[in-house]
Structures are given as C-alpha cells and as structure tokens.
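Colleague: model this:
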Amino acid sequence: MRARWRPTPTVSRYLLQGAFWTVFALGHSWALATPWLLAMRMVIIAWDTTLLLDTMPARLHSRVYSLHTATYGIVGRASLAITALVMAWAGPRAVAVGPGIGSILVGGTWWVRGRH
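Modeller: This is a model prediction of the structure:
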C-alpha cells in the first residue's frame, strides 16, 4: 500500500500565504485587512529566506542574503510601477485578489501533484 502524500512545509506555506493575501485583499477596511497582510508577510518572507540560506554554504550567507534583499528591492520598485498600470485598468480589488488566488493555485497544484 502506498503511503499517503502530505504537503511539505513549502506547499503548506504557499497555500497559507495565498489564503492570508486573499483575505487581506477582500478586506473592507485597513484595520481589518492589515493583520492579514502582516501574517502573510511573516509566513513567506521567513520561509523563502530560510530555504535560500539552507541551500547555500554558511560562508556565502551574508553575500547571498545581501543579493537576495537587493533584488527584492529592485523588483519591488518595478512591480509597483506595473501594478499601478494594471490597477488603473482593472481596479484595485482585482489586482489585490489575483496574487492571493495565484498563490493558492500554485500551492494546490503542488499538493495535487505531490511535489515539494
């Protein structure tokens, strides 16, 4: 009998991130939405940094982390510009809900396919 597959921490965190982001995006006030955004950020930033540093030799941690952080900053600025253009076209709610649903779909796909 084949062992039942369980989601890895990575899959679980992407599903959780997507759920938190979607709840944040659907919030009707900043007071209710902000805790969900903070929860999502704590889940995914801590996890992707841990995964990144786990795959690197300890002697490279500071260099890799610096490059990772700088890249996030650069991509973040480009992303804001693109997001502003899409938001003007599709509206803020559609732009905010999209990434949450996308994350849930990616995590769900990994879960169904039994991937890490």
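Colleague: Tell me who's in contact with I101.
Modeller: I101 sits next to G18, T22 when contact means Cβ atoms under 8 Å, 6 or more residues apart in numbering. C-beta here means a position set from N, CA and C on the backbone, and glycine is covered the same way.
Colleague: So that it lines up with my notes, have the first residue be 20 from now on.
Modeller: Sounds good: first residue 20 from here, last item I120.
Colleague: pLDDT value on it, please?
Modeller: Looking at I120, its pLDDT reads 85.
Colleague: ok, so what distance separates it from L45?
Modeller: Here the criterion is Cβ to Cβ, to the nearest Å. By it, I120 lies 11 Å from L45.
Colleague: what's the answer for W108, then?
Modeller: Relative to L45, and taking Cβ to Cβ, W108 is found at 20 Å.
Colleague: Comparing these two, which shows the higher neighbour count?
Modeller: Taking other Cβ atoms under 10 Å, W108 and L45 do not tie; L45 has more neighbours (14 against 9).
Colleague: ok, now how distant is the more buried one from P54?
Modeller: 14 Å.
Colleague: Which stretches in this protein count as strands?
Modeller: For the chain, no strands turn up when DSSP state E is the criterion.
Colleague: any idea which helix is longest in it?
Modeller: Counting by DSSP state H, the longest helix found in the chain is helix 80-109.
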